[in-house]
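Undergrad: Return a 3D structure for these sequence lines:
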Amino acid sequence: MPSKLKSRIHLDRRTLLIGGGVGAGLVVAWAVWPRTYLPNLTASPGESLFGAWLKIGTDGHVSVAIPQAEMGQGVFTAMPQIVADELGADWKMVGVEPAPLNPLYANPLAAATLFELALGSMPGQLRRTYASRTGLMLTGCSTSIRYFEDQLRHAGATARVLLCKAAARRWGTDWQACGTANGFVVHGNQRLPFGQLAADAADEHAPDPVPLRTGDDNRLYGQPLPRLDTPAKVDGSANYAADIRLPNMVYASIRQGPVGATELVRVDRAAADKIPGVLKVVTTRDWVAAVANNWWAADRAIEAMRPRFKLPDPVVNDDSIEETLGKAFDGEGARIAEAGDLAAEFRGAKIVYAEYRVGLALHAPLEPMTCTASYIDGKLALWLPTQAPGLARTAAARAAGISEGRVTVHPMMGGGSFGAKLEHDVAAQAALLAREIGRPVQLTWPRGEDFRHDRYRPAAAGRLSAKLNARGAITGWLAKIAAPETGRELAKRLLGGDPVIAASLAMPGSGDPSAIAGALPAYAIPNYAIDHHPADYGIPTGYWRGGAHSYTAFFTESFIDELAHVAGIDAVAFRMAMLGQQPRLARCLQTAAQLGGWQGGTPGSGQGIACHSFRGSHIAVMAEAHLTADRKVKVDRLVAAVDCGRVVNPDLVTQQIEGGLIFGMAAALGASTGFTENVADAREIADLDLPTLADSPDVTVEIIRSGSDTGGASELAVPPVAPAIANALQAATGVRFRRLPLLSDVE
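TA: Purely as a prediction, here's the structure:
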């Protein structure tokens, strides 16, 4: 890869200047809201702006504004690839920079998915435009390409037309006779580079509508182009939040209380003073932070102070979580989805029943929560990885006691997230510390703190019942799912300051659709019902890669396998018989079985299979697994067949599926924590039983070519892995494992 690529990620040359007023909430009359927004992308000397999405320099470089956070999923490559394809750019001359906070870059699709419950009660027009009217930039829910692809294509096509117009004016020809390729405008034997035309082209006017490219020649779309962020990550030149160094900067570590309504009651400040390098101890009602000239000293001071917090009431332990989930089923529950007449179908029938449980799951990204803050002359600057920069801005401004217009956010690449960096507590804490200390402060949560105060994937329980007819087909299906109202909780925590959201959440409702997302089977079942039984066990939960699909798919696909055994039908054939209306998912299932050498899941084969549809995409996973002599789960092989519609970059999709398979396997075997007196038991990475390189299975990924609309890929592989492994273990051992992590059933 050319060394020139190293300079194409401009992570520090632009700041994200966040002005006040955009996120004030929908308290202003509808009539005075603006319907259009002006871009605030800025150009360096020698660059020409082409709308809100890209700039072209006199040297021919193309810089694309990226409104989504790069957390390893590849948006710094896929999004500019769409623009470059329509533009006809030379990939070696394409770079990216974070987009400024602007309603033009809001992500309504992510907002609608994350905050379905909060937005659902709004009038239709308000609901559709809430994200843009509040400047809500969000990264999450596999929406980056699904939502922004059309805008990126239009931006690239518009710039191409303007360049062609500028060239045609010089050549005295029709612009429609011109084309672009490899960074040049071409007309017959005539060629002009983009850099020579950019300034003139920026003054041209685009037609309406702008024609998109057609044909397959010289296309970048669909090609496995190299990632733009790889060289900088390999040679270490890419800056992460922990790499920030500011003049006179100090370092901070923190300890927060147990989950629940707690408060700090005692610290031993004298013990902290004995640690060389410690400068100050800062306390609030909720936490204590030590500030030092190096982070190691700050963290040692936290341990030396032995902070004590008031134990909340009620006390949360593993037993109380289990008890709460069980009691949640005592109520009637809220019916989220139904079809047919299930009561009549079940009346007097022989019913197959099974109950499943999943434990709390941690995000556990490699990079813990971190933020660097500088407070000078009443202005605050933040450097942090965040999936929601505007929300981090709001929290930091509130903590520092200043207006949001006086806060500047520098968005950093993230060392993993999986949903964790939607949260912004660390931004508020760093802001308060910077104002208190009067010096730039880099706050990094210790690993144990990252685990103790994660917003966990909730523990949940599923009680599934079904009726089979004489031919072994499912004619009735009832899924009762006990889980916290995570969607309501997330909306309150992240958007609760918005009066309209607060009012929406205060309205009486029945159940939380996001808590049972993915529970509706893809199969043709004439009579079904899906019920949510809210369970509040006192532990904060949040968005985790795949959301509720991560446990509802485990419930559904495990139960489908159990029903296939009851019916005496091969697990693949049993599923295929019910997928007549789901040809894309059926093809994935057939492909995975063929690639994996499916043997019918016969006893001793150690083979299991599961499939799932998610975010407009479809996947089937075949697993081979067994129990070792010391009663541990060993996954030998994972085979995945994926249909996610049009693919921008097949390498990126493959990477996401491979990563999702391993992530899902880790969650199936570990990545969980128990609770003792309101504190998470997991303190170190070693406590999570994560798979090592030696534990990693052989992985095969097949991407099925499809002309369908682009679907999500970053979360797609996570939900079906656990049930595929559980089904494989049943084939290997004859024992059905109905609890995640699976190790908890084995030990």
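
Undergrad: and the longest helix for the protein?
TA: helix 144-171 (DSSP state H).

Undergrad: where does that one sit relative to the chain's centre, distance-wise?
TA: From the chain centre to the centre of helix 144-171 is a distance of 29 Å (Cα atoms, centre = their mean, to the nearest Å).

Undergrad: following that helix, which helix or strand comes up?
TA: Moving toward the C-terminus from helix 144-171, the next helix or strand (DSSP states H and E) is strand 179-181.

Undergrad: Can you mark which positions in the longest helix of the chain are buried?
TA: Across helix 144-171, burial judged by 16 or more other Cβ atoms under 10 Å covers 144-149, 151-168, 171. Where you see a C-beta, it was placed from the backbone N, CA and C, and this is true even at glycine.

Undergrad: How about stretch 362-382?
TA: Residues of stretch 362-382 classed as buried: 362-365, 367-375, 380-382 (neighbour count, 16+ other Cβ under 10 Å).

Undergrad: end-to-end on it?
TA: Distance across stretch 362-382, first residue to last, is 26 Å (Cα to Cα, to the nearest Å).

Undergrad: Ok, stretch 458-472 next?
TA: End-to-end distance for stretch 458-472, by Cα to Cα: 34 Å.

Undergrad: again with stretch 709-716
TA: One end of stretch 709-716 sits 15 Å from the other (Cα to Cα).

Undergrad: who touches that stretch?
TA: Stretch 709-716 is contacted by residues 73, 141-143, 145-146, 149, 545-547, 549, 612, 614-619, 642-648, 652-653, 656-657, 660 when judged by Cβ atoms under 8 Å, 6 or more residues apart in numbering.

Undergrad: In the stretch 501-650 of the chain, what residue spans correspond to strands?
TA: 527-534, 607-614, 617-627, 633-643 (DSSP state E, counting those that start in this stretch).

Undergrad: quick one, what contacts Ala344?
TA: Asn527.

Undergrad: Filter the buried residues of stretch 362-382 down to just the ones in strands.
TA: 370-375, 380-382 (DSSP state E).

Undergrad: Can you lay out these as a markdown table showing distance to Gly46?
TA: Shown next, in a markdown table, are those (distance: Cβ to Cβ, whole Å):
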| residue | distance to Gly46 |
| --- | --- |
| Thr370 | 34 |
| Cys371 | 33 |
| Thr372 | 30 |
| Ala373 | 33 |
| Ser374 | 29 |
| Tyr375 | 34 |
| Leu380 | 31 |
| Ala381 | 26 |
| Leu382 | 29 |
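
Undergrad: What is the nearest of these to Leu579?
TA: Thr370 (45.2 Å; Cβ to Cβ).

Undergrad: I'd assumed Leu384 was in contact with the closest one.
TA: Yes - at 6.7 Å, Thr370 counts as touching Leu384 under the criterion of Cβ atoms under 8 Å.

Undergrad: quick one: common contacting residues for those two?
TA: In contact with both Thr370 and Leu384: 241, 426, using Cβ under 8 Å, 6+ apart.

Undergrad: Paired strands for the one helix or strand Ala461 maps to, with orientation please.
TA: Using DSSP H and E, the element containing Ala461 is strand 460-468. According to DSSP bridges, strand 460-468 forms sheet pairs with strand 352-358 (antiparallel), strand 474-483 (antiparallel).

Undergrad: report the angle between the axes of it and strand 527-534?
TA: Taking axes from the mean of the first three to the mean of the last three Cα atoms, to 10 degrees, one finds strand 460-468 and strand 527-534 inclined to each other by 160 degrees.

Undergrad: can you list contacts of stretch 194-207?
TA: By Cβ under 8 Å, 6+ apart, stretch 194-207 touches 47-50, 56-62, 89, 158-159, 161-163, 165-167, 169, 180, 183-185.

Undergrad: 7 Å instead, please
TA: Stretch 194-207 has contacts (Cβ atoms under 7 Å, 6 or more residues apart in numbering) with 48-50, 56-60, 158, 161-163, 165-167, 183, 185.

Undergrad: now swap in stretch 417-425 and tell me
TA: For stretch 417-425, contacts defined as Cβ under 7 Å, 6+ apart pick out 71, 140, 363, 365, 385-388, 391-392, 395, 414, 454-455, 494, 542-545.

Undergrad: Name only those of those residues that count as buried.
TA: By 16+ other Cβ under 10 Å, the contacts of stretch 417-425 give 71, 140, 363, 365, 385-388, 391-392, 395, 414, 454-455, 494, 542-545 as buried.

Undergrad: Now intersect these with the helices, please.
TA: Reading helices off the buried ones among the contacts of stretch 417-425 with DSSP H, I get 391-392, 395, 494.

Undergrad: Name the nearest of the residues you listed relative to Asp450.
TA: Nearest member of those to Asp450, counting by Cβ to Cβ, is Ala392, at 16.8 Å.
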